[in-house]
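Novice: model this:
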Amino acid sequence: MELTCYLYPGWKPRIRAASSRRGWMDATPEAFAYRCLPLAIANSHGWEILSPCSFEAVWNGGMAPGDVIVRAHPGSLPHERPVGLFGQGVLTFHIAGILRTSPGWNLWVGGPVNSAKDGISPLSGVVETDWSSFTFTMNWRFTRPHHPVRFEENEPFCHIFPVERAAIEMTEPRFASIEDEAGLKEQFESWSRSRDAFHRKMAQEPPAAPADKWQKFYYRGIHADGAAGIADHQTKLRAREFKSESGKSCPMSSRNGGR
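Specialist: Predicted structure coming up:
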């Protein structure tokens, strides 16, 4: 699958491989939030688009586009600043690039994953990027009026990743008895017993080492009996950086830290 960002003269989008790090996860005791592997994988599942300028925005509660006021850093360029374009308390970021995917693939477009922002919420969309000759916008909707919201320069405001267009409608969801899958009931009950025993032991004999405070079955990709789940289990995910026409990686890749 190919993902290309076509640049019109003067466009300089800041796009980087999404980071698995989050400031709030770093701040949890012993950084325990990273023990949730699905959380960390989701954080890095795609690419982030970063704000080219710092700014503060506030919504006065009205429904007109002008009811969103943006105060950008004095050194920012007009086309870099977000605007109140659609009304309804929506803040709009323009993305300086035409993103194209391989045939049959869309882009999921939304806010930074697992990274809440007080007073405003990202809106998500799915864009047919295998044919579109248009740019698209990333939009956030204020959740309450008169509450200033701030974005810093190089703070992610958008997260993208490819999704195969036919996959959802080709999926056939169903319910089934746990007995229908050979061995599944036994595996689940084994894990459940192990989990209960582990919690009892933790309550009676709290371990000193942080690594001993969780079982790590899912993290290690194994069942409770030690059997491997799948051969290609992932504990880390790193998307490739966008490259320039010269073949060099985008300079924003060096900024792929936590927040």
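Novice: The stretch 51-200 of the chain: helices as residue ranges?
Specialist: 167-170, 184-204 (DSSP state H, counting those that start in this stretch).
Novice: Can you tell me which of these is nearest to residue 136?
Specialist: helix 167-170 (19.8 Å; C-beta to C-beta). Where you see a C-beta, it was placed from the backbone N, CA and C, and this is true even at glycine.
Novice: how far away is the nearest residue to residue 179 once chain neighbours are set aside from residue 192?
Specialist: Closest residue in space to residue 179, ignoring its immediate chain neighbours: residue 185 at 6.1 Å, by C-beta to C-beta, 6 or more residues apart in numbering. As judged by C-beta to C-beta, to the nearest Å, residue 185 and residue 192 stand 10 Å apart.
Novice: Output the below-cut-off pLDDT ranges for the chain.
Specialist: 246-259 (pLDDT under 70).
Novice: Okay, domains of it per the record?
Specialist: The chain breaks down into these domains under automatic domain parsing: 3-171+236-255, 178-220.
Novice: Give me whichever of the ones you listed is most buried.
Specialist: domain 3-171+236-255 (a mean of 16; mean count of other C-beta atoms under 10 Å).
Novice: and residue 222, what are its phi and psi?
Specialist: Main-chain dihedrals, residue 222, degrees, to the nearest 10: phi -130, psi 160.
Novice: For burial, what's the neighbour tally of it?
Specialist: Using other C-beta atoms under 10 Å, residue 222 has 15 other residues around it.
Novice: which residues does it bridge with?
Specialist: residue 228 (DSSP bridges).
Novice: Kindly provide the distance from it to residue 190.
Specialist: Counting by C-beta to C-beta - residue 222 and residue 190 are separated by 12 Å.
Novice: can you give me the strands in the stretch 1-150 of the chain?
Specialist: Assigned by DSSP state E, counting those that start in this stretch, the stretch 1-150 of the chain shows strands spanning 3-6, 15-17, 47-50, 55-59, 68-72, 90-94, 98-101, 105-110, 120-122, 125-127, 137-142, 149-151.
Novice: Pull the contacting residues for residue 210.
Specialist: 30, 32 (C-beta atoms under 8 Å, 6 or more residues apart in numbering).
Novice: before we move on, what about residue 55?
Specialist: Contacts of residue 55 by C-beta under 8 Å, 6+ apart are 70, 71, 72, 73, 76, 81, 82, 150, 151.
Novice: Just put those in JSON lines and tack on distance to residue 229.
Specialist: As requested, these are exported to JSON lines (distance: C-beta to C-beta, whole Å):
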{"residue": "70", "distance to residue 229": "48"}
{"residue": "71", "distance to residue 229": "51"}
{"residue": "72", "distance to residue 229": "49"}
{"residue": "73", "distance to residue 229": "49"}
{"residue": "76", "distance to residue 229": "48"}
{"residue": "81", "distance to residue 229": "48"}
{"residue": "82", "distance to residue 229": "43"}
{"residue": "150", "distance to residue 229": "43"}
{"residue": "151", "distance to residue 229": "40"}
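Novice: For residue 179, state which of these is nearest.
Specialist: Nearest to residue 179 out of the contacts of residue 55 is residue 151 (C-beta to C-beta; 51.8 Å).
Novice: which residue packs closest to that closest one, ignoring adjacent ones?
Specialist: Residue 151 sits nearest to residue 51 (C-beta to C-beta, 6+ apart), 4.9 Å away.
Novice: swap in residue 79?
Specialist: residue 94 (7.2 Å).
Novice: Any idea what the one you found is bridged to?
Specialist: Beta-bridge partners, per DSSP bridges, of residue 94: residue 137.
Novice: Quick one: residues contacting it.
Specialist: Contacts of residue 94 (C-beta under 8 Å, 6+ apart): 79, 82, 83, 135, 137.
Novice: Please list all residues in contact with residue 47.
Specialist: 3, 15, 16, 17, 18, 159, 160, 161, 239, 242.
Novice: at 6 Å what do you get?
Specialist: 15, 17, 18, 160, 239 (C-beta atoms under 6 Å, 6 or more residues apart in numbering).
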